[in-house]
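Visitor: Here's my sequence, what's the structure:
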Amino acid sequence: MTHLDIELKKLRLDMFEMFGLVYAQLEKARNSLVHFDKDLAREVRVNEKRVNSFELKLDRDCENIIALFNPVAVDLRFVLACLKINSNLERIGDIAEGIAQFVLSIKNAPDQDLLQRTRVIEMFDTANSIVADVMTSFEKENTSLARNVFMKDELLDEINANANVAVAEFIKEHTDKINQSLYMLSTIRKLERVGDQSKNIAEEIIFFIEAAVLKHKKKHEKLTPGAGSETAS
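Guide: The predicted structure is shown next:
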């Protein structure tokens, strides 16, 4: 095994650790909201520093591999993909921290009727599932699973599109809960961005495995293996 192989293997393991860390942050943010657990929300906020530190470490590792070992072809695509995926994961971590901050900001537990009307729990579960899919896709180098993310994200878009009406109707009936309602709308917007970040990750996974550039491609092209492919090696 060459020095490059050793460094790439280590990078892969560290990336998977970053995936796990960010997924855990999102899951804890969900539970802190659903169960109104401020201690769990504080844990998310504290762990955000760890996510940020790990992001910086992974960036340095990728830069060092490129500078010291001059990887080519699939190895280079892998390192470049890791750089971008790392950034997307850090942003998902930011989103989880932002939702945890919402939990810490309100005095009373989120209204159960509001949670149901906005479908925020369903949205959270879908977002968590999407992050789990890209994590498994990265680990198994499974581009079919990565492409499935584009389909799952449609549910997040649907819930987000209907959120304004749902929240507005709730506010009309509960004028004493305007602040909480607006926080919930912000949470929905954040979860929609989790889907966007996950789609970016899925595109990078497909890029390093298939040498296919899916950025700016239409949805049906992203779902078709081989679309946007270069000569892979």
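
Visitor: list the buried ones in stretch 111-118?
Guide: Judged by neighbour count using 16 or more other C-beta atoms under 10 Å, the buried positions of stretch 111-118 are Asp111, Leu114, Leu115, Arg117, Thr118. Quick note: C-beta positions are derived from backbone N, CA and C, even for glycine.

Visitor: I'd say the third one and Glu122 touch.
Guide: No: taking C-beta atoms under 8 Å as the definition, Leu115 is not a contact partner of Glu122, at 9.6 Å.

Visitor: still on that earlier bit, any chance of TSV for the buried residues of stretch 111-118, columns secondary structure, distance to Gly93 and pLDDT?
Guide: Listed next are the buried residues of stretch 111-118 as TSV, based on DSSP: H, G, I helix; E, B strand; the rest coil; distance: C-beta to C-beta, whole Å; pLDDT from 0 to 100:
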residue	secondary structure	distance to Gly93	pLDDT
Asp111	coil	27	94
Leu114	helix	26	96
Leu115	helix	23	96
Arg117	helix	28	96
Thr118	helix	23	97
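
Visitor: State the pair within those residues that is farthest apart.
Guide: Among those, the pair separated by the greatest distance (C-beta to C-beta) is Asp111 and Thr118, at 10.0 Å.

Visitor: how far away is Leu214 from Ser32?
Guide: 34 Å (C-beta to C-beta, to the nearest Å).

Visitor: can you check Glu43 too?
Guide: Glu43 is 8 Å from Ser32, by C-beta to C-beta.

Visitor: Neighbour count: those two, which is higher?
Guide: Ser32 (24 against 17; other C-beta atoms under 10 Å).

Visitor: Now the element after the helix or strand harbouring Leu58, going C-ward?
Guide: Assigned by DSSP states H and E, Leu58 belongs to helix 38-69. As assigned by DSSP H and E, the chain's next helix or strand after helix 38-69 is helix 73-105.

Visitor: buried stuff in that following helix?
Guide: Under the neighbour-count criterion of 16+ other C-beta under 10 Å, helix 73-105 has 75, 77-103 buried.

Visitor: Next: stretch 41-54.
Guide: Residues of stretch 41-54 classed as buried by neighbour count (16+ other C-beta under 10 Å): Ala41, Glu43, Val44, Arg45, Asn47, Glu48, Val51, Phe54.

Visitor: That stretch - what's its average pLDDT?
Guide: In this model, stretch 41-54 carries a mean pLDDT of 97.

Visitor: same check, this time on stretch 190-205
Guide: Stretch 190-205 carries an average pLDDT of 97.

Visitor: Relative to the whole chain's centre, how far out is that stretch?
Guide: With C-alpha atoms, centre = their mean, to the nearest Å as the basis, stretch 190-205 stands 5 Å off its chain's centre.

Visitor: Pull out the buried positions in it.
Guide: 190-195, 197-205.

Visitor: For it, give me every contacting residue.
Guide: Applying C-beta atoms under 8 Å, 6 or more residues apart in numbering, the external contacts of stretch 190-205 come out as 26, 81, 84-85, 88-89, 91-92, 95, 98-99, 120, 123-124, 126-127, 130-131, 133-134, 137-138, 141, 143, 146-147, 149-150, 152-153, 156-157, 159-160, 214-215, 222.
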